[in-house]
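> Build me a model:
(chains A and B, ligands or ions: 5)
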Amino acid sequence: MGDITLEIDGKSIAAKEGTTVLEAARSADIFIPTLCHNEMLEPYGGCRLCTVEVESRGRKKLVASCLYPVEPDLIVRTRTEMVDKVRKLVLEFLLAHAPDSVRMNELAAEYGADKDRFGKESSFCILCGLCVRYCAEVKKRNVIGFVDQGAKREINFIPELAAQYCWDCKECFPLCPTSYLQAAYHLTHAIAFPSLSLDEVAQA
Amino acid sequence: MQRINSAAELDARREDIRAGKDADRPAIAVCSGAGCAGLSNGRVIAAFEKELESQGLAGKVDLRATGCHGLCELGPNVVIYPEEIYYVHVKPEDVAEIVKETVQGKKVVDRLVYSDPASGEKAVHLSEIPFYKYQSRNLIGNNTRINPSSIDDYIGIGGYAALAKALFGMKPEQVLDEVKKANLRGRGGGGFPAGLKWETTRNAPEKEKYVIVNGHEGEPGAFMDRAVFTGNPHLVLEGLIIGAYAIGAHQGFIYTRHDSKLLKQNIDRALKQARENGLLGENILGSGFDFDVEVHFDVGIFVSGESSALMRSIEGKNPEPRPKYIRTSVSGIWDKPSNLNNVETWANVPQIIEKGAEWYTGIGTESSKGTKMISLSGNIVNSGVVEVPFGTTLRQIIFDIGGGIPGGKKLKALHFGGAMGGSIPESLIDTPLDFDALKKVGAPMGAGALMVMDEDTDMVEMARFFLTFLTNESCGKCVPCREGIQQLLKILTDICKGEGKKGDIETMEEIADVMSAASLCSLGKTATDPLRGTLKYFREEYETNIH
Ligand SMILES: Cc1cc2nc3c(=O)[nH]c(=O)nc-3n(C[C@H](O)[C@H](O)[C@H](O)COP(=O)(O)O)c2cc1C
Ligand code: SF4
Ligand code: SF4
Ligand code: FES
Ligand code: FES
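Numbering: from 1, shown residues only, chains lettered A, B, ... in the order given. Ligands and ions are numbered 1, 2, ... in the order given. Down below sits the predicted model:
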């Protein structure tokens, strides 16, 4: 079916041109962990948990498999010492924000990540952007967006739009890898802000 | 203003301009660069206007607000032509005397002349001042000689001759070939061969192609791009048009700083004049080649200077970098092949075409050709913009041109390349200015911001300073960069307070490794370069604060 042959963890795999290494791996039941990826959405490349090593024309580099396009004769290694080192640290960074995330704790066990390595900053949101992109790409509402940049980046509901759409939708909540509590918090807060009080929201 | 319709008409226009210019006519060049602007040069210019009027010289003397002259340390600077008398630290109160004594009376005002801080020796003319004497100012040298708001001034000194030569005497492939032979390397940071990049865009299958000037210049301590772009906008534009012709692009973009009114004014005016004169738009100089340019402004964050972020910004989106598994030279703005070069890279193109690759490769070192503009800052006597041939040693730049370290202090370290650059100790001061040599010792040149540090500098504090800058200037999209910098800053802050813990250095090294390996864009990949450099050469400064 595919028109490109590549090798992932020693297995020869056929894939269609234009697809990604992650897709190719999944089609062959090779597991690569992801946090910011969702098949419904455009690949994003934010969490870097899906980092793998690729070797092409003798040159090795680390890439995000959710974005890297397959190419003929590409050699992919999904578990090398460096790959594991990246995943471990990424998880440790993120667990400082969302220490109770079930998904991430499972992965932490696999990669030997210590969830208490870095001081807690429980802002819960790990800025994976799934909710933001779901709302923009699937619902086409753009109710949630990122504000600010760098260390100050956060997600933010636009209160007027949230009041109008979110209560009947909430489809982004289960996408959140940390727990939807945070999103819900932001939502109620945002709704409460312009017009309704929290009580009214609860009765709604 | 009349449209120029052929190479011959351009030559005729140049003859006219030169004939109309009396070589003995006095001219006053007041620096209006960013450095001098901070020193109220506006009042100096206003004073000259008033004084020329009241001394009956209006219309008889040219007054021009120019781009940066170079010696920003001593601004506001004023040059009086035709003698090229150089006055430093000029205040509005000095203006009446300058007009009376120098412009009218042809006498030098002694107290405004440059005087060497060490020897007390005076230098009256620009070319005698040590700061200027040891430079090769191929790109920035014309800043004092032209009025950046006059296209005639530029044409008068030979401007647009290279464009005419390319359009009428060379095929696009030949232009490309010349740039490749000249081994012009990108001045914006990476030193990537411009000719190869041009070729990639030229050969990309998509028919519509773009060329772009990166004038974002966000690197801390860098101010040479705006110096040449403000002071000589047509030079950059001419390079861009030549590049567009070689690449086969009909649309160009200038991405530049939003925070400099003069820069914006000068660029806008240059584009308008170029269009009116038939140097931009349809059928340029009657050659049949069409090309036009649009100006975009940066959004004020450092990462918007990164190529893919910049292109998204031009598309009107958030300046978030995207992974470049497909290069922007193949798929850039609106997925069209887009060739991006730095301001200074483009500014090099006209001379290469005019004088040829052979001439150009005669300047510099084996692997780095031509001159390089350097922004000199920090603990240095003469801060400012310097232009020297590659191969000049750092010692020459710092001592002969820069005048050494102020206050009798000792030189401790040099830092190149801003927040993503590296520091080297004084012992490496004989390293030549060269892309590869500097990279090898751990101070990759970046865009060319050179910060000089004296013996009192705390290197840990410096590493912390750059990371503090980056934590706010990254986009925050990817985890290694966003979270890594924050964790590094916590550790560095502890160390700076003398509260470092055992294992801190190892943790920082681990974070740096992961950031370099797994960040999405070069900001995250190289954000830890200053940290690595200081850990390599000044490790004991970290260790003394770890208990
Ligand atoms: C975070 C970041 C910021 C950058 N800022 C600039 C800039 O302000 N100006 C610039 O010319 N290049 C900048 N660059 C480099 C550009 O991505 C690009 O390589 C360069 O403009 C290409 O031009 P050149 O080949 O002529 O050097 C930056 C790169 C990164 C990663
Ligand atoms: S709220 Fe959840 S889904 Fe949305 S960006 Fe944060 S972690 Fe991701
Ligand atoms: S490396 Fe930094 S600046 Fe680049 S995409 Fe990641 S967070 Fe943004
Ligand atoms: S899943 Fe690939 S970067 Fe997040
Ligand atoms: S800004 Fe005036 S000399 Fe540089």
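
> Contacts only, for the residue nearest the centre of chain A.
The geometric centre of chain A, computed from its C-alpha atoms, lies nearest to A:Cys36 (CA atoms, centre = their mean), at 1.1 Å. A:Cys36 is in contact with A:44-47, A:49, A:66, A:128-130, counting by CB atoms under 8 Å, 6 or more residues apart in numbering or on different chains. Heads up, the C-betas are built off the backbone N, CA and C, glycines and all.

> Next, see if the lengthiest helix in chain A gets close to chain B.
Determined from DSSP state H, the single longest helix within chain A is helix A:81-95. Yes: using CB under 8 Å from any CB of the partner chain, we find that helix A:81-95 touches chain B at A:82, A:85-86, A:89-90, A:93-94.

> so after that helix, what's the next helix or strand?
Next along the chain after helix A:81-95, taking DSSP states H and E as the criterion, comes helix A:102-111.

> any bit of the helix or strand following that following helix sitting next to ligand 4?
Proceeding N to C from helix A:102-111, the next assigned helix or strand is helix A:130-133, under DSSP H and E. No: using CB under 6 Å from any ligand atom, helix A:130-133 never reaches ligand 4; the gap is at least 9.7 Å.

> How about helix A:130-133, which residues are buried there?
Of all the residues in helix A:130-133, those buried under the rule 16 or more other CB atoms under 10 Å in any protein chain shown are A:130-133.

> just checking, what packs against the helix or strand following it?
Downstream of helix A:130-133, the next assigned helix or strand under DSSP H and E is strand A:144-147. Judged by 3 or more CB pairs under 8 Å, 6 or more residues apart in numbering or on different chains; DSSP states H and E, the packing partners of strand A:144-147 are helix A:130-133, strand A:154-157.

> how's chain A carved up into domains?
Domain assignment for chain A, taken from the TED database, gives A:3-79, A:130-203.

> Can you say which of those is nearest to B:Lys50?
With respect to B:Lys50, and counting by CB to CB, the nearest of those is domain A:130-203 at 45.7 Å.

> neighbours around the closest residue to B:Asp458 other than its chain neighbours, how many?
Of all residues not flanking B:Asp458 in the chain, B:Glu541 sits nearest, at 7.1 Å (CB to CB, 6 or more residues apart in numbering or on different chains). As a burial measure, B:Glu541 scores 18 neighbours (other CB atoms under 10 Å in any protein chain shown).

> Give me the helix or strand of the chain that scores worst on average pLDDT.
Unless you meant another one, I'm taking chain A. Ranked by mean pLDDT, DSSP states H and E, the weakest helix or strand in chain A is helix A:198-203, scoring a mean of 45.

> You answered for a different chain; I wanted chain B.
When the helices and strands of chain B are scored by mean pLDDT, DSSP H and E, helix B:34-37 comes last with a mean of 86.

> For the residue in the stretch 151-300 of chain B that ligand 2 sits nearest to, report the pLDDT, please.
Nearest residue of the stretch 151-300 of chain B to ligand 2: B:Val299, at 22.0 Å (CB to the nearest ligand atom). We note a pLDDT of 82 for B:Val299 in this prediction.

> follow-up on the earlier one: helices or strands up against the least confident helix or strand of chain B?
Contact partners of helix B:34-37 among helices and strands, from 3+ CB pairs under 8 Å, 6+ apart: helix B:224-231.

> what about the helix it packs on, distance to the chain center?
6 Å (CA atoms, centre = their mean, to the nearest Å).

> And the contacts of it?
Applying CB under 8 Å, 6+ apart, the external contacts of helix B:224-231 come out as B:32-34, B:66-68, B:70, B:139-140, B:142-143, B:146, B:148, B:215, B:217, B:235-236, B:256-257, B:260, B:262-263, B:266-267, B:342-344, B:347, B:373-375, B:385, B:387, B:447-448.

> So which of those are in helices?
Reading helices off the contacts of helix B:224-231 with DSSP H, I get B:34, B:235-236, B:262-263, B:266-267, B:343-344, B:347.

> Quick one: classify the residue nearest to the centre of chain A as helix, strand or coil.
Assigned by DSSP: H, G, I helix; E, B strand; the rest coil, the conformation of A:Cys36 is coil.

> for it, phi and psi?
Backbone dihedrals for A:Cys36, given as degrees, to the nearest 10, come out at phi -100, psi 10.

> Kindly report the same for the one 3 residues further on.
Here the main-chain torsion angles of A:Glu39 (degrees, to the nearest 10) amount to phi -60, psi -30.

> what number of residues lie near the residue lying closest to A:Cys131 once chain neighbours are set aside?
Distances taken as CB to CB, 6+ apart place A:Cys172 nearest to A:Cys131, at 3.9 Å, with adjacent residues excluded. Here the count is done by other CB under 10 Å, and A:Cys172 has 21 residues near it.

> What of B:Lys490?
Other residues close to B:Lys490 by other CB under 10 Å number 12.

> From B:Arg532, how far out is it?
Distance, B:Lys490 to B:Arg532, by CB to CB, to the nearest Å: 18 Å.

> got it, and B:Gln487?
To B:Arg532, B:Gln487 is 16 Å away according to CB to CB.

> and the one helix or strand B:Ile352 maps to, what other elements does it pack with?
Applying DSSP H and E as the criterion places B:Ile352 in helix B:343-361. With contacts taken as 3+ CB pairs under 8 Å, 6+ apart, helix B:343-361 sits against helix B:161-169, helix B:172-182, strand B:210-215, helix B:224-231, helix B:233-247.

> Could you point out which of the ones you listed sits nearest ligand 4?
strand B:210-215 (26.7 Å).

> Using the three-state scheme, assign B:Glu294.
strand.

> doesn't B:Tyr255 make contact with it?
No: counting by CB atoms under 8 Å, B:Glu294 stays clear of B:Tyr255, with 9.7 Å between them.

> the more surrounded of the two?
Higher neighbour count among B:Glu294 and B:Tyr255: B:Tyr255, with 23 against 13, using other CB under 10 Å.

> what distance separates the helix or strand harbouring B:His415 from the centre of its chain?
In this assignment (DSSP H and E), B:His415 forms part of strand B:411-416. Mean-position distance between strand B:411-416 and its chain equals 20 Å (CA atoms, centre = their mean).

> re earlier: make a markdown table from the residues of helix A:81-95 next to chain B and add pLDDT and distance to B:Gln104 to it.
Putting the residues of helix A:81-95 next to chain B into a markdown table (pLDDT from 0 to 100; distance: CB to CB, whole Å) gives the following:
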| residue | pLDDT | distance to B:Gln104 |
| --- | --- | --- |
| A:Met82 | 97 | 73 |
| A:Lys85 | 98 | 74 |
| A:Val86 | 98 | 71 |
| A:Leu89 | 98 | 71 |
| A:Val90 | 98 | 71 |
| A:Phe93 | 97 | 69 |
| A:Leu94 | 96 | 72 |
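
> Put the buried members of the residues you listed into a PyMOL selection.
Selection of the buried residues among these in PyMOL, burial being defined by 16+ other CB under 10 Å:
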select buried, chain A and resi 82+85+86+89+90+93+94
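
> Is it possible to get a markdown table of the residues of helix A:81-95 next to chain B that adds distance to ligand 2?
Converted to a markdown table, the residues of helix A:81-95 next to chain B look like this (distance: CB to the nearest ligand atom, whole Å):
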| residue | distance to ligand 2 |
| --- | --- |
| A:Met82 | 26 |
| A:Lys85 | 23 |
| A:Val86 | 19 |
| A:Leu89 | 18 |
| A:Val90 | 14 |
| A:Phe93 | 13 |
| A:Leu94 | 9 |
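
> Max pairwise distance over the residues of helix A:81-95 next to chain B: which two?
The span of these, defined through CB to CB, is set by A:Met82 and A:Leu94 at 18.8 Å.

> about what we covered before: and the residue nearest to B:Asp458, helix, strand or coil?
Under three-state DSSP, B:Glu541 comes out as helix.
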